[in-house]
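Visitor: Build the 3D model from these lines:
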Amino acid sequence: MRGGSIAVVGGSIAGCAAALAAVRGGAERVTVLERADAELRDRGVGIALQADRYEELRAAGYVTPEMPWAPLTRRVWSARDGDAEYGRAVGEQPFPFRAYSWGSLWSELRRRVPENVDYRSGAVVTTVEADTDGASVVFGDGRRERFDLVIGADGYRSVVREAMFPGARPAYAGYVGWRGTSPDVTGLPSEGRDAHNIVFPGGHCMIYRIPDGKGAHVLNWVLYTSPPRIDGLHPDLRTPTSLPPGRLTSELTGHLRALVADHFPPFWAAKVLSTPAGTTFIQPIYDLEVPHYTSGRLALVGDAASVARPHIGGGSVKALQDATALEAAWRDGGSWKEILESYDTRRGPVGAAMVALARRMGATQVERTPDWSSMEQSRFDAWWRDQNQGSDGRSGFGGHSMKPADG
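Guide: This is a model prediction of the structure:
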């Protein structure tokens with residue numbers, strides 16, 4: 001099918017990928033509506049793509065070898081053990097991933113969006129209204145524009161999802177992720193090719209090296225645990241508040257530093273504690289499963305659709321795969337109905353499976369942590385297998401394969 005006017009609400013990684021899918025699928029006019037009025041490339045958090053998923057996305061034309069990345073080959077889970085510099089390894093596992101900075105990956109995707117796409121920064125969409133043969137977006141200043149199809153790439157608080165399924169909002173998982181990037185990458189074991197999970201009762205912290213977008217590297221870390229019940233977070237923990245860089249109070253900073261000092265091996269404690277306060281922030285952890293990825297002339301990609309906890313290492317992969325599947329459905333379909341039904345069939349079950357796996361991992365890695373003091377490799381392997389029950393070897397941690405089952 002060729003032609004049609006498309007609006008993509010949201011201009012981040014999922015939005016740029018969706019715009020690229022629409023152009024390749026044959027859309028005549030594509031408009032991206034991004035609410036931020038500045039470039040998004042300064043977001044320095046780390047993301048990782050599993051190596052096999054990267055190859056699939058590279059073959060589909062959504063990532064390229066030129067995008068700056070750092071190789072990861074192994075993940076080491078370690079607990080504090082007296083004064084041992086790196087702690088005690090409780091388990092190791094292969095970890096064939098490519099580590100990226102969110103901002104640099106977005107920049108590369110943004111450059112791949114064709115010039116004839118109308119990418120608008122500062123375009124705040126407040127509501128979306130669908131009808132039988134199209135949909136209208138309503139902006140903050142009251143203006144309206146109508147399109148043949150509106151794609152929601154606007155994250156976990158999606159206004160497009162709200163138009164499709166009123167009241168379907170992400171549920172708070174009961175814990176948060178503290179995040180930051182440390183400039184200190186000196187002395188890393190295995191020349192920085194390992195990801196490290198520092199474990200403690202009630203959570204863990206994942207640490208790995210990423211490009212800084214300037215030709216060097218920084219140390220990205222995310223620490224998952226229950227939030228402190230102190231001023232600075234929303235008092236109703238069912239609707240917690242994100243705190244962006246620079247917004248942590250001295251009390252919150254003190255809580256984080258004490259947790260790290262009490263539970264981390266000395267080497268890793270020093271790395272995390274060297275993180276500038278201006279790069280440290282808090283993200284509440286959510287999950288959500290939607291009934292469908294499409295409804296009428298509306299569709300969802302990335303976190304606007306299913307929201308999986310980040311433990312599966314597949315969030316960015318899923319957003320890019322959603323776009324790949326949308327492009328394939330577009331090429332095969334002869335009508336809007338065929339395109340959208342095919343896309344929903346391809347991606348709905350994948351989103352549901354990722355949400356379920358991420359919930360199991362969150363339960364065992366944060367909510368009900370094991371006795372790390374007695375953990376060793378064989379027990380670790382059994383603990384890891386239990387989390388992955390139901391995965392078929394082609395799906396699960398790192399994202400789902402898009403190849404046919406016999407491919």
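
Visitor: what is the rounded mean pLDDT of stretch 50-61?
Guide: Taken as a whole, stretch 50-61 has an average pLDDT of 94.

Visitor: hang on, P201 packs against T369?
Guide: Yes. The criterion here is Cβ atoms under 8 Å, and P201 meets it with T369 at 5.8 Å. Every C-beta, even on glycine, is put in place using the N, C-alpha and C of the backbone.

Visitor: For the two, indicate the residue with more neighbours.
Guide: More neighbours surround T369 than the other of P201 and T369, with 17 against 12 (other Cβ atoms under 10 Å).

Visitor: which SS state does that one fall under?
Guide: Following DSSP: H, G, I helix; E, B strand; the rest coil, we place T369 in the coil state.

Visitor: mind checking the longest strand of the protein?
Guide: strand 88-101 (DSSP state E).

Visitor: So which bits of that strand are buried?
Guide: By neighbour count on 16 or more other Cβ atoms under 10 Å, the buried set for strand 88-101 is 88-91, 95, 97-101.

Visitor: And stretch 243-256, by the same measure?
Guide: Neighbour-count burial for stretch 243-256 [16+ other Cβ under 10 Å]: 243, 245, 248, 252, 255-256.

Visitor: same deal with stretch 130-141?
Guide: For stretch 130-141, the neighbour count (16+ other Cβ under 10 Å) marks 130, 134-135, 137-139 as buried.

Visitor: same thing with stretch 333-345?
Guide: Going by neighbour count (16+ other Cβ under 10 Å), the buried part of stretch 333-345 is 333, 336, 339-340, 342-344.

Visitor: Run the chain-centre distance for that stretch.
Guide: Relative to its parent chain, stretch 333-345 has a centroid offset of 26 Å by Cα atoms, centre = their mean, to the nearest Å.

Visitor: following the longest strand of the chain, which helix or strand comes up?
Guide: Using DSSP states H and E, the next helix or strand after strand 88-101 towards the C-terminus is helix 102-112.

Visitor: quick one: the helices in the chain?
Guide: 13-25, 51-60, 102-112, 159-164, 250-263, 266-273, 315-332, 336-362, 377-387 (DSSP state H).

Visitor: Those helices into TSV, with extra columns for distance to P284?
Guide: Below are the helices of the chain laid out as TSV (distance: least, Cβ to Cβ, whole Å):
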stretch	distance to P284
helix 13-25	19
helix 51-60	26
helix 102-112	18
helix 159-164	18
helix 250-263	13
helix 266-273	20
helix 315-332	15
helix 336-362	12
helix 377-387	22
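
Visitor: Tell me which of these lies nearest to A305.
Guide: With Cβ to Cβ, the closest approach to A305 among the helices of the chain belongs to helix 336-362: 5.6 Å.

Visitor: Could you list the low-pLDDT ranges of the stretch 101-250 of the chain?
Guide: 230-241 (pLDDT under 70).

Visitor: so which of the helices of the chain gets nearest R229?
Guide: When the helices of the chain are compared (using Cβ to Cβ), the closest one is helix 250-263, at 10.1 Å.

Visitor: Run the chain-centre distance for that closest one.
Guide: On Cα atoms, centre = their mean, the centre of helix 250-263 falls 25 Å from the chain's centre.

Visitor: That helix to helix 266-273, inter-axis angle?
Guide: Here the directions of helix 250-263 and helix 266-273 differ by 170 degrees (axes from the mean of the first three to the mean of the last three Cα atoms, to 10 degrees).

Visitor: Check the separation of the first and last residues in stretch 194-211.
Guide: 14 Å (Cα to Cα, to the nearest Å).

Visitor: Buried by neighbour count: which residues of it qualify?
Guide: So stretch 194-211, judged by 16+ other Cβ under 10 Å, has buried residues 194-200, 203-211.

Visitor: Pick the one among those residues closest to P228.
Guide: For the buried residues of stretch 194-211, the nearest to P228 is G203 (12.3 Å; Cβ to Cβ).

Visitor: list the contacts for the closest one?
Guide: Contact analysis of G203 by Cβ atoms under 8 Å, 6 or more residues apart in numbering lists 175, 223-226, 365-366, 369.

Visitor: now swap in G46 and tell me
Guide: Going by Cβ under 8 Å, 6+ apart, G46 touches 99-102, 181, 208, 210, 220, 222.

Visitor: Recalculate using a threshold of 10 Å.
Guide: Residues near G46 by Cβ atoms under 10 Å, 6 or more residues apart in numbering: 70, 99-102, 105, 179, 181, 195, 206-211, 218-222.

Visitor: still on that earlier bit, among the helices of the chain, which is nearest R309?
Guide: Comparison of the helices of the chain against R309 by Cβ to Cβ identifies helix 336-362 as nearest, at 3.9 Å.

Visitor: just how off-centre is that closest one within its chain?
Guide: Using Cα atoms, centre = their mean, the offset of helix 336-362 from its chain centre is 15 Å.

Visitor: Next, the angle from it to helix 315-332.
Guide: Going by the same axes, to 10 degrees, helix 336-362 makes 160 degrees with helix 315-332.

Visitor: elements contacting helix 336-362?
Guide: strand 149-152, strand 171-182, strand 281-287, strand 294-295, strand 298-300, helix 315-332, helix 377-387 (3 or more Cβ pairs under 10 Å, 6 or more residues apart in numbering; DSSP states H and E).

Visitor: and if we set it to 8 Å?
Guide: Of the remaining helices and strands, those touching helix 336-362 by 3 or more Cβ pairs under 8 Å, 6 or more residues apart in numbering; DSSP states H and E are strand 171-182, strand 281-287, strand 294-295, helix 315-332, helix 377-387.

Visitor: that older thread, would you point out the most distant pair within the buried residues of stretch 194-211?
Guide: F200 and P211 (28.4 Å).

Visitor: before we move on, the earlier item: can I get the buried residues of stretch 243-256 in a markdown table including distance to G3?
Guide: As requested, the buried residues of stretch 243-256 are exported to a markdown table (distance: Cβ to Cβ, whole Å):
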| residue | distance to G3 |
| --- | --- |
| L243 | 45 |
| P245 | 43 |
| L248 | 49 |
| L252 | 52 |
| H255 | 56 |
| L256 | 53 |
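
Visitor: ok, so of the residues you listed, who is nearest M1?
Guide: Once Cβ to Cβ is applied, the member of the buried residues of stretch 243-256 that ends up nearest M1 is P245, at 43.2 Å.
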